[in-house]
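Trainee: let me see the structure of the following:
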Amino acid sequence: MPNRPLLIENARIIDPATNADFKGSILIEKGRIADIAEGAAPGVPEKARTIDAMGLIAAPGLIDMRVFTGEPGHEYRETIASAGEAAAAGGVTTILVMPDTLPVIDDGALVEFIARNAKANTGITVLPSAAITKGTEGSELTEFGLLLEAGAACLAEGRKSIQNSAVLRAAMTYAANFDALIVHQPAEASLVSDGVMNAGPLATFRGLKGIPGEAETIPLDRDLQLALMTGARYHAAQISTARAIELTRFYKARAAHVTVGASINNLCLNENDVGSYRTFFKLSPPLRHEDDRMALVEALKSGIVDVIHSDHDPQDSEGKRQPFADAATGAIGLETLLPAALRLVHSGDVDLMTVLRAMTARPAEILGLESGRIAKGAPADLCLFDMDYPWLVEEATIRSRSRNTTFENARMTGKAMLTIAGGKVVFMEEQQGA
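Mentor: Numbering: from 1, shown residues only. Prediction:
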């Protein structure tokens with residue numbers, strides 16, 4: 001029935017936006033949260049559908065701030081529809097898609113195309129980002145005002161990094177006039193060069209060219225100085241080194257408008273996982289030393305790292321079935337974002353509230369969204385998950401059009417069982433008979 005109320009009862013409700021954690025019920029009407037109650041619901045509307053959560057955790061739907069799709073241009077890798085399906089299966093209800101498609105999202109009409117496509121083909125929220133520079137070539141700025149008016153959630157360069165400091169300063173100054181968010185990946189091209197993994201003894205032993213940490217920290221320092229100078233809202237798309245954390249801590253103490261993200265890959269894996277030249281582990285930034293990984297985990301605990309994202313980057317098998325140095329860079333991650341993040345909880349490294357905040361309330365604040373919280377009147381975007389559900393990541397069950405996961409055949413503990421977006425059930429694990 002259209003607009004039929006939905007009641008979720010017997011759930012452990014966790015809302016990182018308010019640090020709430022209690023057993024209760026959630027009533028959903030017309031796509032929004034109508035009521036929340038501890039214990040049993042005080043009253044159930046007539047003809048409401050009831051879902052017994054049976055003790056599952058009910059959290060805000062996850063918000064993933066770094067997702068690449070193949071549409072437009074490389075639909076064989078991933079469409080917006082298939083990315084939406086993969087996201088829903090992972091408990092993700094909002095994705096920020098990067099602009100470096102074919103063509104690049106640097107025009108208002110293309111921003112509108114992404115929004116229309118998403119509305120027609122997926123039940124989750126898809127936020128288009130628009131390119132900072134035309135063609136993401138790093139030289140000529142796009143029309144920020146027109147792009148934002150068309151519906152762009154932020155300005156970004158995707159996989160690319162602007163090398164010209166004057167261009168980036170102009171971009172930040174321009175963005176500050178619109179109070180627009182700049183999302184930028186700090187990478188010094190001359191230091192990255194043709195490197196393929198973390199620089200160090202392991203890369204030397206493998207006979208592979210390394211990418212030093214300075215390739216990240218030098219441009220990050222520049223970016224943060226420019227953000228401080230211009231007053232622009234700046235989000236470092238992802239950092240991966242202990243030194244980058246030190247820089248971020250320094251500038252955060254001086255600028256409230258500076259935030260940073262970290263890939264779940266860099267939080268859970270290290271350079272040793274490259275193993276015998278496994279190309280699914282060829283990533284940007286590369287997997288770093290274990291000391292860097294642990295520094296990232298500590299930074300997440302302390303709030304220096306604001307956001308955990310999947311860095312979902314589908315690549316076809318032809319691109320990955322190459323020698324490590326020649327293989328395409330990137331890995332999918334929408335379906336494994338939550339269970340991989342729960343590894344940090346199960347290991348005792350980070351508490352559940354902190355991990356969930358970095359994937360819900362914090363990205364919602366940065367992007368200026370209503371979602372990311374469980375509150376009366378908020379959008380009914382919810383993820384119900386089982387902390388202890390054991391499962392195996394298998395190629396046959398992956399919903400993404402590509403299969404390049406860093407967690408291939410990994411044993412996971414914890415999984416999304418039910419995903420609700422805009423008040424509608426968009427995913428239900430088959431084992432659940434709700």
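
Trainee: give me every residue that touches T230.
Mentor: By CB atoms under 8 Å, 6 or more residues apart in numbering, T230 lies in contact with 169, 172-173, 176. Where you see a C-beta, it was placed from the backbone N, CA and C, and this is true even at glycine.

Trainee: can you list the neighbours in contact with stretch 411-419?
Mentor: By CB under 8 Å, 6+ apart, the list of residues contacting stretch 411-419 from outside reads 51, 53, 56, 61, 88-93, 336, 338-340, 342-343, 345-346, 382-393, 425-429, 431-432, 434.

Trainee: which among these end up buried?
Mentor: 51, 53, 56, 61, 88-93, 336, 338-340, 342-343, 345, 382-387, 389, 391, 393, 425-429, 434 (16 or more other CB atoms under 10 Å).

Trainee: show me the contacts for the nearest residue to E365 once chain neighbours are set aside.
Mentor: Of all residues not flanking E365 in the chain, G372 sits nearest, at 7.3 Å (CB to CB, 6 or more residues apart in numbering). Applying CB under 8 Å, 6+ apart, we find G372 in contact with 17, 60, 63, 94, 360-365, 381.

Trainee: any idea how far G372 lies from I26?
Mentor: G372 is 15 Å from I26, where distance means CB to CB, to the nearest Å.

Trainee: could you do A58 as well?
Mentor: Taking CB to CB, one finds A58 at 6 Å from I26.

Trainee: A11 too?
Mentor: Taking CB to CB, one finds A11 at 7 Å from I26.

Trainee: quickly list what's touching both of those two.
Mentor: Contacts common to A11 and I26, judged by CB under 8 Å, 6+ apart, are A58.

Trainee: list the buried residues for stretch 187-203?
Mentor: Neighbour-count burial for stretch 187-203 [16+ other CB under 10 Å]: 187-188, 191-192, 195-199, 202-203.

Trainee: per-residue pLDDT, Y174?
Mentor: With respect to pLDDT, Y174 scores 98.

Trainee: quick check: next helix or strand after the top helix by length along the chain?
Mentor: Across the chain, the helix with the greatest residue count (assigned by DSSP state H) is helix 214-230. Next helix or strand after helix 214-230 toward the C-terminus (DSSP states H and E): strand 233-236.

Trainee: just the CA atoms of that following strand, as PDB, please.
Mentor: Coordinates of the C-alpha atoms in strand 233-236 are reproduced here as PDB (Å, rounded to 0.1, in the frame of the first residue of the first chain):
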ATOM      1  CA  ARG A 233      35.500  24.300   3.600                       C
ATOM      2  CA  TYR A 234      38.100  21.700   2.700                       C
ATOM      3  CA  HIS A 235      38.000  17.900   3.000                       C
ATOM      4  CA  ALA A 236      41.100  15.900   2.300                       C
END
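
Trainee: which other helices and strands does it contact?
Mentor: For strand 233-236, the packing partners by 3 or more CB pairs under 8 Å, 6 or more residues apart in numbering; DSSP states H and E come out as helix 165-178, strand 181-184, helix 214-230, strand 258-263.

Trainee: can you rerun that using 6 Å?
Mentor: strand 181-184, strand 258-263 (3 or more CB pairs under 6 Å, 6 or more residues apart in numbering; DSSP states H and E).

Trainee: and these as JSON lines, adding mean pLDDT?
Mentor: Converted to JSON lines, the helices and strands packed on strand 233-236 look like this (pLDDT from 0 to 100):
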{"stretch": "strand 181-184", "mean pLDDT": "98"}
{"stretch": "strand 258-263", "mean pLDDT": "98"}
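
Trainee: redo those as TSV? Include distance to R293.
Mentor: As requested, the helices and strands packed on strand 233-236 are exported to TSV (distance: least, CB to CB, whole Å):
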stretch	distance to R293
strand 181-184	23
strand 258-263	10
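
Trainee: how about these, which one is nearest P285?
Mentor: Ranking those by proximity to P285 (CB to CB) places strand 258-263 first, at 7.8 Å.

Trainee: roughly how far apart are A325 and V196?
Mentor: 5 Å.

Trainee: with Q185 instead?
Mentor: Q185 is 17 Å from V196, by CB to CB.
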